[in-house]
Structures are given as structure tokens and as C-alpha cells.
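Asks: Let me see the structure of the following:
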Amino acid sequence: MALDSQEQEQIDALKAWWHDNGSSILGMLLIIAVSMGGWRGWNYYQHQQSIESATLFQQFIQQMDSGDVDRINDAAIAIRDKFSGSGYTPRAMLLAAGANEQSEDRITAKGQLQWVIDHASEDGLKDVARLRMAALLLDEEQYSEAMQQLDTTHTASFDGLYSDLKGDVLLAQGKANEARSAYNLAYEKLSEDSRYRTIVQMKMDSLGIAE
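Replies: Down below sits the predicted model:
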């Protein structure tokens, strides 16, 4: 179906806004989620892993607070090389990837995300890594590769975020009607108290989708 000029302007405006802001918004939300998950898992893993791995993760968190990306990467590598099977390691790699994304080092970020996808034992952490990888691929206009990440089986709690990002990929490809369906599904899957639901609602409004 052909789009009228007003609708096309709305779509173009949404695409431009999301290109400038969307990845960072999603990235911040996921970094916060992973950070909280890391701290919630602290008591569990300190009984499962050696004291040294817990110490290294604590040092990594201190480097995260410093904002020095080189030191963050070095601390993440130290955990990965010594304790690749620890629950701390994929969390450190995800957080380091976020720091590299902020500094626009996409190659390093993608390598860290791929490590989590390949090695993490927790499905939820793999889901986060695939979502972030898809967002980076979208920014690079690698739409098929991004969709491959999003089409991978994931835990139900991520349905809303995966559908939302699918909408972004489809919209970037000019598939407005398919994007509408993806955003609608994302809105339905996200919990009512989710702050991210407001962002999805904004996208729906821009595309003329009633709540």
C-alpha cells in the first residue's frame, strides 16, 4: 500500500530520531539490567566460584566506575582468561561491550557480545547479547544479519524487546506495515509498568497505530 506524504514524513522523522537516540536508550536500559543482575547474583556466585574470581569482578566494577575504556577492557579480559566458566565473566563482557559502544568501538563491542553468545551458560545473558548485537548491525545497515539475531529462539521475557527491535529493522528497510505489526506485538508483550513501553507507544503513535 502506498503511503501518503504526511505518513511518510512521520516515518522518516521516526527513523531519524531512532537513528540518533534509539541504540543508546536501549543500551542504557540493558546495561542497567545486566548490572543489577550481576549484583543480585553476587551472593550466589561467591559461593560457587573462587574468591579470586569474585575479587576480579569487584575490580572490574571499579574500572566501570572509572569510565576508562582501556582499563575496562583489560579487567574484562582478565576475568575471561582466568575464569571463563564463571557467572561473572559474561556479565563483565556485556558491560564492557556497552562501554565500547559508548566510545564507538563497535568491533571490540561485537567481539565481546559474540563471546557471550558463544559461551554464556545463562540464556538470559545470551538474549541480551543477541539483542545488542542486532542493534549494532542495524546501525551498520546490515539488516539481514540483524534479523537473524532477532529470529533466534529467546526466553519469553524478552519477547517485547525483540519485537520492538524487529520493528526498527523493518522500518529501516521501508517495510512500514510489517514494522507496525512488530511494534504492536512489542507493546502487547511488554509489561504495563515497563518504562520502555512508553518508547514503543511513541513509535506506534508516529506510525498511526492506536493503543
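Asks: With adjacent residues omitted, what lies nearest to the residue most central in space within the chain?
Replies: Nearest to the mean C-alpha position of the chain, counting by CA atoms, centre = their mean, stands residue 132 at 3.2 Å. Leaving aside its sequence neighbours, residue 132 sits nearest to residue 113 (CB to CB, 6 or more residues apart in numbering; 5.5 Å). C-beta here means a position set from N, CA and C on the backbone, and glycine is covered the same way.
Asks: Helices of the protein, residue ranges please.
Replies: 5-40, 42-48, 51-66, 69-82, 88-102, 106-119, 123-139, 143-150, 159-172, 176-189, 196-206 (DSSP state H).
Asks: Could you identify which of those is most buried?
Replies: Across these, averaging neighbours per residue (mean count of other CB atoms under 10 Å) puts helix 88-102 on top, at a mean of 25.
Asks: distance between that one and the chain's centre?
Replies: Computed by CA atoms, centre = their mean, to the nearest Å, the chain-centroid distance of helix 88-102 equals 11 Å.
Asks: now stretch 151-171
Replies: That offset, for stretch 151-171, works out to 11 Å (CA atoms, centre = their mean).
Asks: do the same with stretch 144-154
Replies: Chain-centre distance of stretch 144-154: 13 Å, with CA atoms, centre = their mean.
Asks: now that stretch: mean pLDDT?
Replies: The average pLDDT within stretch 144-154 is 96.
Asks: which outside residues touch that stretch?
Replies: Contact with stretch 144-154 is made by 123, 126-127, 130-131, 133-135, 137-138, 162, 165-166, 169, as judged by CB atoms under 8 Å, 6 or more residues apart in numbering.
Asks: Alpha carbons of it, as PDB, please.
Replies: Output of stretch 144-154 as PDB, limited to C-alpha atoms (Å, rounded to 0.1, in the frame of the first residue of the first chain):
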ATOM      1  CA  SER A 144      19.600  -9.400   7.200                       C
ATOM      2  CA  GLU A 145      22.200 -10.100   9.800                       C
ATOM      3  CA  ALA A 146      20.300  -8.100  12.400                       C
ATOM      4  CA  MET A 147      17.100 -10.000  11.700                       C
ATOM      5  CA  GLN A 148      19.000 -13.300  12.100                       C
ATOM      6  CA  GLN A 149      19.900 -12.400  15.600                       C
ATOM      7  CA  LEU A 150      16.400 -11.400  16.400                       C
ATOM      8  CA  ASP A 151      14.900 -14.600  14.900                       C
ATOM      9  CA  THR A 152      16.900 -16.700  17.300                       C
ATOM     10  CA  THR A 153      14.900 -18.500  20.000                       C
ATOM     11  CA  HIS A 154      14.900 -16.500  23.200                       C
END
